[in-house]
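Colleague: Structural data only, the sequence is not supplied:
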Ligand SMILES: O=C(O)/C=C/c1cccc(O)c1O
Ligand SMILES: [Fe+2]
């Protein structure tokens, strides 16, 4: 089966807190490389692995991962709102294939997603409804989190199930790499915040705007030298990219949840999306990483990477 993978960091601060023009130009060039790669590969199905930031998944029920047979975006941070063009038949086939392989997959027939899903679809395809997609939520924020080996197993099972579809499948990862944005944490949260994280009542437009402004301000403070967050860790990020490039995916099984957070920040767990996508590609056969870009971008609170890979 023709298969490829693209990893793309997301940040809701893109276009709001931009870094120096030279940095932006380098990012634009890397994104153009990824777009050219995708155009040449010409996928007819995109399996999109992405996290959520308490817009679709809450502690009332928080699965480690969940595949959607339908999905709509909330439109946070200026991203598009509305339905994603989910390929429901492919999603159901993949879900069955994953369950058949012994992975306890949660399935959503109406998933709510945020910028984690919407941004890569907009950046790479020009909209959230342009390409047949199977959205797969991978929890990268809400502790407790299970071992990374389970995410690799999920990615492998989806890759194997996708190989049976006889489609041109692009496995797309959204998230990471090292970063520590002010996403709320349930442990120790004041009762009002804890209730919101558990119940997930939709915010009013005013509440949403206030929450988003808090994150934008955090990015500005961080770029100006605030040390409140765990620093972006380029060495850690490049170690991750090295393992992905060399196909050393089993190396991630020894990465611990606490160790990842300490070295690379509370949202570094978003790299689970990357590990899942590359495990999916690896399950279809050997691959080559064809492009790789990395830059630490404090204004976006992101160890920011773009990478493309294709099956041999
Ligand atoms: O607060 C949020 O919803 C998200 C914040 C954020 C900031 C920077 C990079 C990311 O990946 C984020 O999710
Ligand atoms: Fe994120």
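Modeller: Structure received. This one's a predicted model, so the numbers in the text were calculated from it and none came from an experiment. Numbering: from 1, shown residues only. Ligands and ions are numbered 1, 2, ... in the order given.
Colleague: Now do the SS call for the residue of the stretch 151-300 of the chain found nearest ligand 1.
Modeller: Evaluated by CB to the nearest ligand atom, the stretch 151-300 of the chain has residue 181 as its residue closest to ligand 1, separated by 3.5 Å. Any C-beta I mention is one placed from the backbone N, CA and C, and that applies to glycine too. Counting by DSSP: H, G, I helix; E, B strand; the rest coil, the backbone at residue 181 sits in coil.
Colleague: dump the residue contacts of residue 58.
Modeller: When contacts are counted by CB atoms under 8 Å, 6 or more residues apart in numbering, residue 58 touches 197-200.
Colleague: Out of the residues you listed, who's the most crowded?
Modeller: Within the contacts of residue 58, most neighbours by other CB atoms under 10 Å means residue 197, with 19 neighbours.
Colleague: Do you know the pLDDT at that one?
Modeller: Note for residue 197: predicted pLDDT of 97.
Colleague: and the host helix or strand of it, how far out from the chain's middle?
Modeller: Using DSSP states H and E, residue 197 sits in helix 191-199. Distance of helix 191-199 from the chain centroid (CA atoms, centre = their mean, to the nearest Å) equals 24 Å.
Colleague: Start from the N-terminal end of the stretch 51-200 of the chain and give the helices.
Modeller: 88-100, 115-125, 148-163, 191-199 (DSSP state H, counting those that start in this stretch).
Colleague: Now do the second one: which elements does it pack against?
Modeller: What it means is helix 115-125. If contacts are counted by 3 or more CB pairs under 8 Å, 6 or more residues apart in numbering; DSSP states H and E, helix 115-125 sits against strand 3-8, helix 21-41, strand 45-50, strand 71-74, strand 169-174.
Colleague: again, only using 10 Å
Modeller: strand 3-8, helix 21-41, strand 45-50, strand 71-74, strand 133-138, strand 169-174 (3 or more CB pairs under 10 Å, 6 or more residues apart in numbering; DSSP states H and E).
Colleague: likewise the first one?
Modeller: Judged by 3+ CB pairs under 10 Å, 6+ apart, the packing partners of helix 88-100 are strand 45-50, strand 65-68, strand 106-108, strand 133-138, helix 148-163.
Colleague: list the buried ones in the longest one?
Modeller: Using 16 or more other CB atoms under 10 Å as the test for burial, helix 148-163 gives 148, 150-163.
Colleague: farthest pair in those residues?
Modeller: Across those, the longest distance by CB to CB is 22.7 Å; it joins 148 and 163.
Colleague: Within range of ligand 1, give me the residues from the stretch 1-150 of the chain.
Modeller: 10-13, 53 (CB under 6 Å from any ligand atom).
Colleague: Name the nearest of these relative to residue 308.
Modeller: Looking across these and measuring by CB to CB, the closest to residue 308 is residue 10, at 16.3 Å.
Colleague: Tell me the pLDDT of the closest one.
Modeller: 98.
Colleague: ditto for residue 158
Modeller: The model reports residue 158 with a pLDDT of 98.
Colleague: mind listing what the closest residue to it other than its chain neighbours touches?
Modeller: Leaving aside its chain neighbours, residue 158 sits nearest to residue 280 (5.0 Å; criterion: CB to CB, 6 or more residues apart in numbering). Residue 280 makes contacts with 3, 5, 47, 49, 94, 136, 152, 154-163, 169-173, as judged by CB atoms under 10 Å, 6 or more residues apart in numbering.
Colleague: could you redo the last one with a cut-off of 8 Å?
Modeller: Per CB under 8 Å, 6+ apart, neighbours of residue 280: 3, 5, 47, 155-156, 158-159, 162, 171.
Colleague: Pick out whichever of those sits closest to residue 125.
Modeller: residue 47 (13.7 Å).
Colleague: Pull out the buried residues from the helix or strand bottoming out on mean pLDDT in the chain.
Modeller: Confidence across the helices and strands of the chain bottoms out at helix 205-223, with a mean of 93, counting by mean pLDDT, DSSP states H and E. Applying a neighbour-count criterion of 16+ other CB under 10 Å, one finds 208, 211-212, 215, 218-219, 221-223 buried in helix 205-223.
Colleague: The closest residue to ligand 1 within the stretch 201-312 of the chain and residue 258, how far apart?
Modeller: Per CB to the nearest ligand atom, residue 301 is where the stretch 201-312 of the chain lies closest to ligand 1, at 3.9 Å. For residue 301, the distance to residue 258 equals 21 Å [CB to CB, to the nearest Å].
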